[in-house]
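Peer 1: I would like the atomic coordinates for the input below:
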Amino acid sequence: MPESQEDIDALLAEVSALADQAVADITGPDTLDTEPAVPPPAVVANQPAVTAPRPPRSPVPKDSRKSNVERILNLEVPVIVRLAERVMPLLDVVNLCTGAIIEFDKPSDSELDLMINNKCIGNGQAVKVGENFGLRINHIGSVQERIRAMGGGLH
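Peer 2: Residues are numbered from 1 along each chain as shown. Down below sits the predicted model:
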């Protein structure tokens, strides 16, 4: 388990790179902008702009990419269904007690948000599955959007 913030940041960067590669492998390389953002070159006194050459990409062996995709697809992530959201004064939160009811400005039959990494990736209706609750998905984002939601906002 990572113990320091540097270890966590390095692990998140690795997962983000693997997620980008997985998106490219799943959806095709043309749907993912893997080139670093480069600011427009400065133009000085009607002289042509000069840009630095980009270093060539080192090819990733196909077996390695497949292994990376398999690693990503085997990760377990928390899936959250958000009922509603509300901002309350801290005093009201401190005074909450058993049996208290918090009212939300959302109709009881409205769609619930499906979230990964605190990012909404879809929505649906609550359903009963045996003795449990479930979510019937009415809308879901693209595979690329779902994978990016797991990246933790590293892009």
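Peer 1: and residue 136, that's in a helix?
Peer 2: No. Applying DSSP: H, G, I helix; E, B strand; the rest coil, one finds residue 136 to be strand, outside a helix.
Peer 1: which ones are touching it?
Peer 2: 124-127 (C-beta atoms under 8 Å, 6 or more residues apart in numbering). From N, CA and C alone the C-beta is placed, and that goes for glycine too.
Peer 1: Nearest to residue 102 among these?
Peer 2: Closest approach to residue 102 among the contacts of residue 136 (C-beta to C-beta): residue 126, at 17.6 Å.
Peer 1: domain ranges for the protein?
Peer 2: In the domain annotation for the chain, the residue ranges read 1-34+56-75, 77-155 (automatic domain parsing).
Peer 1: ok, which stretches of the chain are helices?
Peer 2: 5-27, 62-73, 90-94, 143-149 (DSSP state H).
Peer 1: Lowest mean pLDDT across the ones you listed, which one is that?
Peer 2: Lowest mean pLDDT within the helices of the chain: helix 5-27, a mean of 69.
Peer 1: In contact with residue 80, which residues are there?
Peer 2: Counting by C-beta under 8 Å, 6+ apart, residue 80 has contacts 114-116, 118.
Peer 1: separation between it and residue 135?
Peer 2: 10 Å (C-beta to C-beta, to the nearest Å).
Peer 1: so what sits against both of the two?
Peer 2: Common neighbours of residue 80 and residue 135 (C-beta under 8 Å, 6+ apart) are residue 114.
Peer 1: in this protein, which strand has the most residues?
Peer 2: strand 119-129 (DSSP state E).
Peer 1: sorry, back to before: which of the contacts of residue 136 lies closest to residue 108?
Peer 2: Nearest member of the contacts of residue 136 to residue 108, counting by C-beta to C-beta, is residue 126, at 9.4 Å.
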